[in-house]
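Participant: here is a sequence together with a model predicted from it:
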Amino acid sequence: MRRRLIQSTLAVVLVVIAVFGVSLVIVETRTISNSAQERVESEALRLASIVDSRLLTAERVDTEVLRAQVEQVAQQRYAVISIPGERAIQIGSKPEGDVIRGEAVGEGGETVVVEEPRSEVTREVGRTLLIIGAVALLAVIAAVLLAVRQANRLASPLTDLAETAERLGSGDPRPRHKRYGVPELDRVADVLDASAERIARMLTAERRLAADASHQLRTPLTALSMRLEEITLTDDPATVKEEATIALAQVERLTDVVQRLLTNSRDPRTGSAVTFDLDEVIQQQLAEWRPAYRQAGRAIVSSGKRHLQAVGTPGAVAQVLAALIENSLMHGGGTVALRTRVTGNQAVIEVTDEGPGVPAELGARIFERTISGRNSTGIGLAVARDLAEADGGRLEMLQTKPPVFGLFLSRTPPSKKGADEPTVR
């Protein structure tokens, strides 16, 4: 591209120089020739006037007198003065070759002829052509430099934009925020930066979905594998049937987890909030986690107000509680307690344990992704808070030592727009 820009600019400059240069040469050549012709004719008239003045005063007219009177006659010029009845007077040397001739006739009938070699005109024309050529050469050099600068100014941004597009295609969506001072190129840069930001958000969402799916599916799969192990270790048909029924229920909850993950990846505010009994969700979580706590030599219990009704998605609430219970199993200690209570128009489920609590430096950031007190993923609490907010609730850390987390859920179903509102007429 640079070469084409330089070539096109240089071609335009050469055409302009050729058109105006040839015209200027023709005009200057004619001007110099006409000036030389006028010069010799003027010289002939001046010599004729000198001769006339000598003749009127009856003074002698000869070569010496004319040379003394006419100092302006150049050495390259040749003059012939013809006076009637006298011998012609010659001044200077007769030039050879082509000459420029000027002639004048005086009042006494004398004739003055002045000649100048045309080589003088040729030399002057040559000097003029040399000047014009030098100016044209400087114009060409300036045009080349300007074309190179302009080509670099246009080609470099295009190269940068191509590199940006290539980086986007290779999976590096960082916007460059670089502008070039050319409106059209800046517009392309704006579009590429906007595309980079969109791609970055999409990649972040995809990575977040993968991380959330890995974390959220791990617990149900672990619980399901424990039930299947119980089935393999017993020969009692009744126990096998009971564990299989529980395993099927866990498969259904696993399917709900997957569905909810996919729904939240498209729209985190999309939910199917219903009024449900908190006791059922809490008891289901206790049944799932008791084997894991028993294996760790710990206990998990529930207390508080019974038969509370809350508004939300049972599957999402179960996932939030599972994240809190798992967090207590990994980072806490002693007995884990789930307590239910009512505050205002909200039902609250508190999850606490007897462990050392949350370090002070992590207290304000405990719900941020990748924040963890131990070698864990650090996304469990962040996902739990997102799930709670998607159902219109909230998840908070009420106390650091001992740790107390509270899940707040509304007890009033959301009214449908227009169902309970008076008609405005």
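Facilitator: On my side now, so go ahead.

Participant: tell me the mean pLDDT for the helix or strand harbouring R153?
Facilitator: Using DSSP states H and E, R153 maps to helix 118-169. Computed over helix 118-169, the mean pLDDT rounds to 83.

Participant: quick check: which element contains S225?
Facilitator: helix 183-233.

Participant: show me what the helix or strand just after that helix is packed against.
Facilitator: The element immediately downstream of helix 183-233 (helix or strand, assigned by DSSP H and E) is helix 237-266. Where contact means 3 or more CB pairs under 8 Å, 6 or more residues apart in numbering; DSSP states H and E, helix 237-266 is packed against helix 183-233, helix 278-295, helix 314-331, helix 380-390. Bear in mind the C-beta positions are built from the backbone N, C-alpha and C, glycine included.

Participant: can you give the distance of helix 237-266 from its chain's centre?
Facilitator: Its chain's average C-alpha position is 47 Å from that of helix 237-266, according to CA atoms, centre = their mean, to the nearest Å.

Participant: what's the angle between it and helix 183-233?
Facilitator: Going by axes from the mean of the first three to the mean of the last three CA atoms, to 10 degrees, helix 237-266 is angled at 170 degrees with respect to helix 183-233.

Participant: got the angle for helix 237-266 vs helix 380-390?
Facilitator: Taking the same axes, to 10 degrees, one finds helix 237-266 and helix 380-390 inclined to each other by 70 degrees.

Participant: could the helices and strands packed on helix 237-266 go into CSV alongside distance to R341, mean neighbour count and mean pLDDT?
Facilitator: Below are the helices and strands packed on helix 237-266 laid out as CSV (distance: least, CB to CB, whole Å; neighbours: other CB atoms under 10 Å; pLDDT from 0 to 100):
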stretch, distance to R341, mean neighbour count, mean pLDDT
helix 183-233, 25, 15, 75
helix 278-295, 11, 17, 87
helix 314-331, 15, 23, 86
helix 380-390, 17, 22, 81
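
Participant: the helix or strand where I6 lies - what's its average pLDDT?
Facilitator: Secondary structure from DSSP H and E places I6 in helix 2-56. In this model, helix 2-56 has a mean pLDDT of 82.

Participant: neighbours around the residue nearest to D52 when sequence neighbours are not counted, how many?
Facilitator: Using CB to CB, 6 or more residues apart in numbering and skipping the chain neighbours, the partner closest in space to D52 is G106 (4.5 Å). Using other CB atoms under 10 Å, G106 has 20 other residues around it.

Participant: distance check, G106 against T9.
Facilitator: When distance is defined by CB to CB, to the nearest Å, G106 is 61 Å away from T9.

Participant: again with E41
Facilitator: According to CB to CB, E41 stands 47 Å off from T9.

Participant: same deal with T159?
Facilitator: For T159, the distance to T9 - CB to CB - is 19 Å.
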